[in-house]
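In: using only what follows, build the 3D model:
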Amino acid sequence: MPRATPSPAPRTLPVIVLAQFFCTSLWFAGNAIAADLAAMLHQPAAFVAHLTSAVQLGFISGTLTFALLAVADRFSPSRVFCLSALAAAACNLGLLLPGLDAGGLLACRFLTGFFLAGIYPVGMKIAADYAPAGLGKWLGFLVGALVLGTAFPHLLKSGALQLPWRLVPWATSALAVLGGLAMQRLVPDGPYRRPGQRLRPTAFLSSFRRPGFRAAAFGYFGHMWELYTFWTFVPLILTTYNRAHPGAPLAVAGWSFLLIGSGAVACVGSGLLSRVVAPRTLALTALALSGLCCLVSPLVLRGAPAPGLLAFLWGWGLVVVADSPMFSSLVAQHAPATARATALTIVNCLGFALTVASIQLTSWLADRVPTHNLFLVLALGPVLGLLAQLGTRRVAPTE
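Out: So this is what the prediction gives:
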């Protein structure tokens, strides 16, 4: 039942953001220690792509399950978030099981991704239940927390903290437990929540019949083709530079954290700007700029000095994710209120399916083309995402 007053408590947004940050630190926990895991299991350097894809495939399976069962529409989203966080934290600790082989490690990452489906899209659903108007600002902070959480394991492995690699899974799992419990205890169901009362396996199909929803979804898909592949291969770009310039090596873990984590600033900035600039305008501008970065990347990666390379990657890290909260906001606003979580979840599912294809294609190309030409293929996402907007006028959200 809706609350008597729709105004969220002052602590609501900070708690949701911190919980999202703590829990999504699980996402790249395996990537940050991929070199250690690969050495322990005698796996090739390309193993990092398989680790990332395992998490993504788990997330896809989880989002399909959560969407088809309408879990967060039928049950308390905060409780779903908490239980998912506890389960994901336990699976993340599976990385430390004695005698684990490569298949078992990939299974642990798959299961971690599966339960992340109850964290990231459900967190967006909780935000939408508190602030359907001005949702872009909330999602700017929320996706910013995801970006920072994704980058955080690299910080744990960097020279700044220098944690032994076995402590990284412990640290990220502990944060996830704290985040899940905080959401459960401090963020009750939002005043705008309209729970679904029955199982509707095809409820999300009604969302795709709406032009505004469809345009936002296809823009999001184009964005996702580029995003996680860029994040996955940032360490490769830095490592390749170090090999070409052995006299002035870059700290790969530390710079990976800064270059990926910088996107959090862009997400918060786009969220705040969405109060005065249309979210669709912000999303399409960022998508166009990130596509341009893909196209000019060969010129920069081929021979730029270290400051130029880092400046370019920093700018790319900003625009590659600045559109994410805007597209998610548009998807949420154009989805039916009683199937909002299901719609958000299925769009996430399809978007992350594209990340697996993109990561694996780029990994396959890495052995066949020079690194400086590798990321031209990522431009396909932004280009197709922008083309999908042609002929689509701005459509007002409807219930």
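In: mind listing what's buried in stretch 14-21?
Out: By neighbour count with 16 or more other CB atoms under 10 Å, stretch 14-21 contains the buried residues 15-21. In short, each C-beta sits where N, CA and C put it, glycine included.
In: one more: stretch 379-390?
Out: Residues of stretch 379-390 classed as buried: 379-383, 385-386, 388-389 (neighbour count, 16+ other CB under 10 Å).
In: could those be laid out in a markdown table, adding secondary structure?
Out: Shown next, in a markdown table, are the buried residues of stretch 379-390 (DSSP: H, G, I helix; E, B strand; the rest coil):
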| residue | secondary structure |
| --- | --- |
| A379 | helix |
| L380 | helix |
| G381 | helix |
| P382 | helix |
| V383 | helix |
| G385 | helix |
| L386 | helix |
| A388 | coil |
| Q389 | coil |
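In: what is the distance between stretch 347-363 and the centre of its chain?
Out: 12 Å (CA atoms, centre = their mean, to the nearest Å).
In: restricting to C-alpha, output it in PDB.
Out: The C-alpha trace of stretch 347-363 is given here as PDB (Å, rounded to 0.1, in the frame of the first residue of the first chain):
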ATOM      1  CA  VAL A 347      16.400  -4.700 -20.900                       C
ATOM      2  CA  ASN A 348      19.400  -5.300 -18.700                       C
ATOM      3  CA  CYS A 349      19.400  -8.900 -19.700                       C
ATOM      4  CA  LEU A 350      19.500  -8.200 -23.400                       C
ATOM      5  CA  GLY A 351      22.100  -5.400 -23.000                       C
ATOM      6  CA  PHE A 352      24.400  -7.700 -21.000                       C
ATOM      7  CA  ALA A 353      23.900 -10.500 -23.600                       C
ATOM      8  CA  LEU A 354      25.400  -8.000 -26.100                       C
ATOM      9  CA  THR A 355      28.400  -7.400 -23.800                       C
ATOM     10  CA  VAL A 356      29.300 -11.100 -23.900                       C
ATOM     11  CA  ALA A 357      29.300 -11.100 -27.700                       C
ATOM     12  CA  SER A 358      31.300  -7.900 -27.700                       C
ATOM     13  CA  ILE A 359      33.900  -9.100 -25.200                       C
ATOM     14  CA  GLN A 360      34.400 -12.500 -26.900                       C
ATOM     15  CA  LEU A 361      34.700 -10.900 -30.300                       C
ATOM     16  CA  THR A 362      37.200  -8.300 -29.100                       C
ATOM     17  CA  SER A 363      39.200 -11.100 -27.300                       C
END
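In: quick one: mean pLDDT for that stretch?
Out: Mean per-residue pLDDT for stretch 347-363: 89.
In: quick check: next helix or strand after the lowest-mean-pLDDT helix or strand in the chain?
Out: Each helix and strand of the chain was given a mean pLDDT (mean pLDDT, DSSP states H and E); the minimum falls on helix 205-208 at a mean of 70. As assigned by DSSP states H and E, the chain's next helix or strand after helix 205-208 is helix 211-244.
In: which positions in that following helix come out as buried?
Out: Applying 16+ other CB under 10 Å to helix 211-244 flags 212-242 as buried.
In: in this structure, where is pLDDT below threshold?
Out: For the chain, the stretches flagged by pLDDT under 70 are 1-10, 45, 131-135, 159-162, 192-206, 337-341, 391-399.
In: now the spatially most central residue of it: which helix or strand?
Out: Among the residues of the chain, the one closest to the centroid is L146, at 5.9 Å (CA atoms, centre = their mean). Per DSSP H and E, L146 falls inside helix 135-157.
In: and that helix, what other elements does it pack with?
Out: Contacts defined by 3 or more CB pairs under 8 Å, 6 or more residues apart in numbering; DSSP states H and E place helix 135-157 against helix 12-24, helix 29-32, helix 120-130, helix 167-186, helix 252-273, helix 324-334.
In: turn the ones you listed into JSON lines, columns for distance to A87.
Out: Formatted as JSON lines, these follow (distance: least, CB to CB, whole Å):
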{"stretch": "helix 12-24", "distance to A87": "11"}
{"stretch": "helix 29-32", "distance to A87": "15"}
{"stretch": "helix 120-130", "distance to A87": "13"}
{"stretch": "helix 167-186", "distance to A87": "9"}
{"stretch": "helix 252-273", "distance to A87": "25"}
{"stretch": "helix 324-334", "distance to A87": "23"}
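In: between the ones you listed, which one is nearest to L111?
Out: Minimum separation from L111 across these (CB to CB) falls at helix 29-32, 11.8 Å.
In: how far does the closest one sit from its chain's centre?
Out: Taking CA atoms, centre = their mean, one finds helix 29-32 lying 14 Å from the centre of the chain it belongs to.
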